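S.K.: Predicted model and sequence follow; I will ask about them next.
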Amino acid sequence: MNRLIKATTCIVGMFIVGCGYGPKGSSGFTLPDGDVALGNAKFIELQCNACHTTKTVEHLPNNNELDVFLGGTTSRIETYGELVTSVINPSHKLSKKLPSSKAPADGSSPMPSFNDTMSVTDLIHLVAYLQSGYELRVSPRTAYPEYPYYGL
């Protein structure tokens, strides 16, 4: 029983820490709804497809140095906060999809900064487009059976 209490306390603690509270946390962070089609156009205009591929935009020809696929089936959806951070501060957390041979030795991201050239509106549309490319896959081990609701 003591182990169960310790394990539960640990899990709850990790959940609370992971919620992003504090001065740099993402709690309460939201963006207005963006337009997926406009985000797709911005993705192409900024030539994000020089290094990234999505379901709807192919990699630019003659640039096969780096090709990180964005989107697809995942066990957790990327949040607005995570996607915004990835765009405006790409060195914050490097993608696990980035081959180690392509990562700079100083640990920074090879992705250029668009902070001075992209408007907030552009960012909102781009994030809406990126988020639309993820599909949540629930593991059979964590899925709960649906029980009929009988009401009270």
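M.R.: Done, it's in. Residues are numbered from 1 along each chain as shown.

S.K.: Please count neighbours and contacts with C-alpha atoms only from this point.
M.R.: Will do.

S.K.: right, and the helix or strand after the lowest-mean-pLDDT helix or strand in the chain?
M.R.: Each helix and strand of the chain was given a mean pLDDT (mean pLDDT, DSSP states H and E); the minimum falls on helix 2-18 at a mean of 47. Later in the chain than helix 2-18, the nearest helix or strand by DSSP states H and E is helix 36-45.

S.K.: average pLDDT for that following helix?
M.R.: Across helix 36-45, the average pLDDT comes to 94.

S.K.: do the same with stretch 134-141
M.R.: The average pLDDT for stretch 134-141 rounds to 70.

S.K.: and what of stretch 84-95?
M.R.: pLDDT averaged over stretch 84-95 gives 81.

S.K.: Enumerate the positions of it that are buried.
M.R.: 84, 86-91, 94 (16 or more other C-alpha atoms under 10 Å).

S.K.: Tabulate these (JSON lines), appending secondary structure and distance to Ser75.
M.R.: Converted to JSON lines, the buried residues of stretch 84-95 look like this (DSSP: H, G, I helix; E, B strand; the rest coil; distance: C-alpha to C-alpha, whole Å):
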{"residue": "Val84", "secondary structure": "helix", "distance to Ser75": "20"}
{"residue": "Ser86", "secondary structure": "helix", "distance to Ser75": "19"}
{"residue": "Val87", "secondary structure": "helix", "distance to Ser75": "21"}
{"residue": "Ile88", "secondary structure": "helix", "distance to Ser75": "24"}
{"residue": "Asn89", "secondary structure": "coil", "distance to Ser75": "24"}
{"residue": "Pro90", "secondary structure": "coil", "distance to Ser75": "22"}
{"residue": "Ser91", "secondary structure": "coil", "distance to Ser75": "23"}
{"residue": "Leu94", "secondary structure": "coil", "distance to Ser75": "19"}
